[in-house]
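Engineer: Quick one, what's the 3D model for this:
(one chain, ligands or ions: 1)
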Amino acid sequence: MKSEHAEGMGRRAFLQLGTLSAGALFWAGGARAVAERGPWIQETDKQLRVGIVGGRFGATFHWHEHPNCIVEAVSDLAPDRRQHLMQKYRCEKSYESLSALIEDPAVEAVAIFTPAPDHAKHTLQCLEKGKHVFCACPACLTIEEAEEIKAAVEATGLKYMNAETSYYRWETILARELITGGDLGALVYTEAEYYHPGIGASTHSLSLEDGERTWRYGYPPMLYPTHSTAFYIGVNRGRLRKVSCIGLRDDSDPAFPDNVYDNPFRNAMGMFVTQEDTPFRCNVGWHIHAYGERAQWFGEKGALYMPDCANRPLAVEVNDNRESVLPDYWERVPEDMRYDSGHGRSHPFLTHEFVMACVEDRAPAIDVYESLAYCVPGIVAHQSCFQDGAQLDIPSFDP
Ligand SMILES: NC(=O)c1ccc[n+]([C@@H]2O[C@H](COP(=O)([O-])OP(=O)(O)OC[C@H]3O[C@@H](n4cnc5c(N)ncnc54)[C@H](O)[C@@H]3O)[C@@H](O)[C@H]2O)c1
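Structural biologist: Okay, here's the model as predicted:
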């Protein structure tokens, strides 16, 4: 089943959009493809029992507000974060670790928000215990882990979804609808970037905890590619075939290259080739005067530019018209979840999509194949950085 259930552009939202100006009507093509689906209406009382692991980023989702979801249990190694999760999700049951939580037979699915280097191990542990998995990005850090995750999801038939926020930023939803509706024409070039200055550095607040190095200390940029790659793959289910990537070697901070990853790079600027043989420029940087997660999409007939850190606004250009207004997508998620909790209002949409995929027994929008397609190209790009930008082939993890 096509897995964009959370994405029917409601007729009301479209009509509002249509009244913005005559120019706004050029979006009609993109809206047409999905307008008939309308707002989300609860059609089943089935409920998914979720366990949530990791009490920092993991405490910013909407599980307790979804009518088809029950927060069965929560876990964090740290007691204060465990407590925070219990309060946030109004849940009385907690466990001291993921390993303990997955022994609970009442837990049907686990939402994993543990450090990135643990994602593959924790995903495999959950799948082995028969739990569906919703995992923070990235899915994994090595090709071998990607193979193991794919094999485990296929062998168990369980649901797997990556919590990639870029997929449900509202500008990405709009891009997806304009592109699948044909409004931009064929995509000829896409640019995407994730800039987070200072992260990974020896003095950054997220690099040290109680004087100990965290997993973010010296973290390789291209092992965190998904905020950027999702901007291309997530709009057209495209694939990246090859990459040449330039890494910035910078020894001005002691975290590079003295880190558990032996990583000398603080920025990585990649030029990818897509399966349509078009270029995709994709940057990830920790040491640059720029900020944010954004993209711009160029088609044969139109273009969409996300707002940027230089205060340039959203711009949609189709048929010689230029608009700068986002449609309102709130009616696609349950009422109690309709507020912004971070990352471009994506969290309610990610929560909703995973819950409904499990309840409706269908593939989630960001299934295992999409998740690995976001993540594996970065692993190869990181290898290319060590080879002065040599162009390398990207393996496919599709069925
Ligand atoms: N926009 C986004 O998509 C976005 C934003 C922030 C973080 N993230 C991702 O979310 C994940 C979590 O990020 P964070 O900033 O909260 O990380 P963090 O390292 O601050 O927190 C991870 C938490 O997991 C807990 N934990 C680790 N192992 C555990 C185990 N075995 N059992 C129970 N708890 C365990 C730790 O105690 C810690 O509180 C990371 O992988 C990160 O990449 C994604």
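
Engineer: What residues sit buried inside the longest helix seen in the chain?
Structural biologist: Using DSSP state H to assign secondary structure, the helix with the most residues in the chain is helix 368-386. Buried positions in helix 368-386, judged by neighbour count with 16 or more other C-beta atoms under 10 Å: 368-382, 384-385. Placement of C-beta: from N, CA and C, glycine included.

Engineer: List the buried residues in stretch 270-287.
Structural biologist: Residues of stretch 270-287 classed as buried: 270-274, 278, 280-287 (neighbour count, 16+ other C-beta under 10 Å).

Engineer: can you tell me if that stretch touches the ligand.
Structural biologist: No: contact between stretch 270-287 and the ligand is absent, the nearest approach being 12.5 Å (criterion: C-beta under 6 Å from any ligand atom).

Engineer: how long is that stretch end to end?
Structural biologist: Across its full length, stretch 270-287 reaches 15 Å end to end, with C-alpha to C-alpha, to the nearest Å as the criterion.

Engineer: what about that stretch, average pLDDT?
Structural biologist: Along stretch 270-287, the predicted confidence averages to a pLDDT of 98.

Engineer: what does stretch 50-64 give?
Structural biologist: What stretch 50-64 shows for mean pLDDT is 98.

Engineer: In a strand, Thr190, correct?
Structural biologist: Yes: looking at Thr190 with DSSP: H, G, I helix; E, B strand; the rest coil, it is inside a strand.

Engineer: Can you give me the distance of it to Gly238?
Structural biologist: 9 Å (C-beta to C-beta, to the nearest Å).

Engineer: which residues do these two both contact?
Structural biologist: Taking C-beta atoms under 8 Å, 6 or more residues apart in numbering as the contact rule, the neighbours common to Thr190 and Gly238 are Tyr232.

Engineer: neighbour-wise, which of the two wins?
Structural biologist: It is Thr190, of Thr190 and Gly238, that has more neighbours when counted by other C-beta atoms under 10 Å, with 27 against 19.

Engineer: so what's that one up against?
Structural biologist: Each residue near Thr190 by C-beta under 8 Å, 6+ apart is listed here: 231-232, 278, 280-281, 295-298.

Engineer: same check, this time on His382
Structural biologist: 220-223, 245, 247, 263, 265, 268.

Engineer: which among the buried residues of stretch 270-287 gets closest to the ligand?
Structural biologist: Distances from the ligand to the buried residues of stretch 270-287, taken as C-beta to the nearest ligand atom, are shortest for Val284 (12.5 Å).

Engineer: Report the beta-bridge partner residues of the closest one.
Structural biologist: Residues in a beta bridge with Val284, per DSSP bridges, are Tyr194, Ala268.

Engineer: surely it meets Ala268?
Structural biologist: Yes: the pair formed by Val284 and Ala268 meets the contact definition of C-beta atoms under 8 Å, at 5.4 Å.

Engineer: follow-up on the earlier one: out of the contacts of Thr190, which are inside helices?
Structural biologist: Per DSSP H, helices hold the following members of these: 231-232.
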